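Student: Generate coordinates for the sequence data below:
(chains A and B)
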Amino acid sequence: MREIATLAWRHTSRRRGRTVLTVLGIAIGFGAIIAILSLTFGVQRSVERTFDPIANDAIVVPLAQGVSDQPDTPSRPMGQVPRRRTLIQSGYIDEEAFNELIQLPGVESYIARSSQIPIQTYFRQRQISLPAMAIDPEAEAELGQIVLESGSWPGYKEALAGQILVRIAGIGEGDRIALTDEEGNTHEITVSGLVSAAREARFGAPPNTPLFITFETARIFTNQSRYSTLVLTASDREGAREIADLVQAGYPNLTALTFEDFTETIESTLNQYSLFLLSIGILAVAVAALGSANTMVVSTMERTREIGIMKATGAKSGFILRGFLLESLLLGLAGGVIGVLFGYLGSRVLEFMVFRLNIASIGQTSAFSPYIPLWLIPFSIVLAMLVTLISGSVPAYRASKLDPVEAIRYE
Amino acid sequence: MASQNVVELIEATKIYRLGESALPAVDSVSLAIERGETLAIVGPSGSGKTTLLNLIACMDKPSEGKVMIEQTDTSTLDADQLAELRAERVGMVFQFFNLIPVLTAVENVEMPMVYAGIGTREERRERALEMLESMGIADKAGRYPSQLSGGERQRVSIARAVVNGPAILVADEPTGNLDSHTSKMVFESLRSLSQEGQTTLIATHDQNVVDYAGRILQMEDGRLS
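Tutor: Have a look, this model is predicted:
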């Protein structure tokens, strides 16, 4: 085997120009595939990370009046509860539904958030009209869906300020703001803490919500208990799905979204996009395979006489076959390794080109980085070797079956 | 006495077909070569010398008749069995040296041992160096064929042919591509092998070789005369 390896290595390194071109062809093909896959994996990972905190949640939101469900995917079996809905929160969940929903089987905990409560605010003699949202600080603190940047969770007549309020009005922790109720009475509220900008827009809390108050504080401003969002948490994903199905079946004006609803839409869009790019990558690999096959055909033709010499001096067909297959594998190995490098560089370039993907379906912008999982590296190299092995097998087989007398006469 | 025959040809015929016509390159040749004999085959170009050597060197099988190498009928063997026989029992020297260009002199000599699965890597290297030493070119062991002179290449080729101790050494015009001085050196190498008892069959036009041979076979139109 060592001698076969020596021969294969010397032949590949002897015809450097041709070897380099063939290896480059393979590397470009596999590099393209790796770069494309890194995009897909990057988005998938980003989606997983983004939605992981709600993995066990069924997020119940009202269906907007006049807005119907989106069409089902054709693959859904008849009779199942439709799952994809448009997330528009113009309605509300009333007290009665709220009390029923939190007692659904499988619900382990819940977080409710109010509809946005329009409030007039006076701060440093400036009047600001802004919506506040009622939250349950204990539940939010436990489940980590709203993250504090500083300060503490609000109590009665206290509020958390969102970053938008910090930026626009310069509100800081400990500041006192005056809020006016529906009857025109003014109430002083203390800012107990600030919400982290990065997580402020977590599900159920619309982006840039300026003020979070407790339900108790909210009752100062409104008599109605209205909820815009109810997050029902189960013990696992399956439980969340079951809760969502119950909501869909029992409440025609509500919809319940789970982890899968968010990720499926994004991933199916992404998969279609990736499939298109991947087909280009596969085409590149097919061209590389043809290039490799061509190299091996030329190589066997050039070395016909040498094959004849080897056979004349006692080499069996298997020895010749293994030699050429090993050469093919060497091309694949080099192409695969350089392809991984190209793929990595390509993914960096793609990162600059399409760094931010607008996940329009949930109204958020999520930053992601292309991601090359570790397993993809050996997988690509082995696949490159397999491709060149297959493309080199026919010329190698033909070479191994050459007649020594004919081969040795070849000029 | 039959067991003394290293090679035996019985009515061996090799026919090449060119379209409709059949050309007998070797025509009903019967021949017995005893162990230790040195034979020279002479004859004009196209007389069938090389075809006869190919049959004896197990590179080809007869269309009719038999070629026996140490009592083994080559016509019954498949391609790999013939290759095995070539590796172990036949040594071949060509007019144009036919060394593998990407292997050094010593590596070229090692190859028949690799094909035959003989010895460890170290043992093969040692044996190949001994062979080069006996050819007087041990100092050229690490050189590639392109770095050797014609005479040196042919001596590497002879070392390769005899490294496995073949039953017969077949040489096809071994000095045909060399100048007279180098031819002499190669001839000396072959003669030295013959003197050591190596059965040798040489197709040649070289008078030195013909003069030395114990038996001379004249070939014409595919027949021995």
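
Student: drop to CA atoms for contacts and neighbour counts, all remaining ones
Tutor: OK.

Student: how many neighbours does B:Gln195 have?
Tutor: Using other C-alpha atoms under 10 Å in any protein chain shown, B:Gln195 has 13 other residues around it.

Student: for A:Arg322, that is, sorry about that
Tutor: When neighbours are defined as other C-alpha under 10 Å, A:Arg322 has 19 of them.

Student: Show the contacting residues for B:Glu11.
Tutor: Applying C-alpha atoms under 8 Å, 6 or more residues apart in numbering or on different chains to B:Glu11 gives the contacts B:Asp27, B:Ser28, B:Val29, B:Ser30, B:Glu64, B:Gly65, B:Lys66.

Student: Nearest residue to the second one in space, please, no chain neighbours.
Tutor: Spatial nearest neighbour of B:Ser28, chain neighbours left out: B:Glu11 (4.1 Å); criterion: C-alpha to C-alpha, 6 or more residues apart in numbering or on different chains.

Student: Give the pairing partners of the helix or strand containing the one you found; include direction for each.
Tutor: Per DSSP states H and E: B:Glu11 is located in strand B:5-18. Paired strands of strand B:5-18, with direction, are strand B:21-34 (antiparallel), strand B:64-69 (antiparallel) (DSSP bridges).

Student: Looking at those strands, which one is packed in the most?
Tutor: By mean neighbour count, with neighbours taken as mean count of other C-alpha atoms under 10 Å in any protein chain shown, strand B:64-69 ranks first of those at a mean of 22.

Student: which residues sit against that one?
Tutor: B:6-14, B:28, B:55-56, B:61, B:73-75.

Student: cool, and stretch B:87-101?
Tutor: With contact meaning C-alpha under 8 Å, 6+ apart, stretch B:87-101 is reached by A:306, A:309-310, A:312-315, B:57-58, B:108, B:112-113, B:115-116, B:144-146, B:153-154, B:157-158, B:160-162, B:164-177.

Student: Quick check: the gap between whichever residue of the stretch 101-250 of chain A sits closest to chain B and A:Thr50.
Tutor: Closest residue of the stretch 101-250 of chain A to chain B, C-alpha to the nearest C-alpha: A:Arg237 (61.9 Å). Computed with C-alpha to C-alpha, to the nearest Å, the distance linking A:Arg237 and A:Thr50 is 15 Å.

Student: Between those two, point out the one with more neighbours.
Tutor: Ranked by neighbour count (other C-alpha under 10 Å), A:Arg237 and A:Thr50 place A:Arg237 first, with 18 against 15.

Student: In this structure the more buried one contacts A:Asp52, no?
Tutor: No: using C-alpha atoms under 8 Å, A:Arg237 makes no contact with A:Asp52, being 10.4 Å away.

Student: Give me the common contacts of these two.
Tutor: Common contacts of A:Arg237 and A:Asp52 (C-alpha under 8 Å, 6+ apart): A:Phe259.

Student: quick one: A:Phe221 from A:Glu140, how far?
Tutor: Taken as C-alpha to C-alpha, the span from A:Phe221 to A:Glu140 is 22 Å.

Student: between those two, who's got more neighbours?
Tutor: Higher neighbour count among A:Phe221 and A:Glu140: A:Phe221, with 20 against 17, using other C-alpha under 10 Å.

Student: Nearest spatial neighbour of A:Arg18, chain-adjacent residues omitted?
Tutor: Nearest one to A:Arg18, counting by C-alpha to C-alpha, 6+ apart, is A:Thr295 at 7.4 Å.

Student: and the next element down the chain from the helix or strand harbouring that neighbour?
Tutor: Assessed by DSSP H and E, A:Thr295 sits inside helix A:259-302. Later in the chain than helix A:259-302, the nearest helix or strand by DSSP H and E is helix A:304-312.
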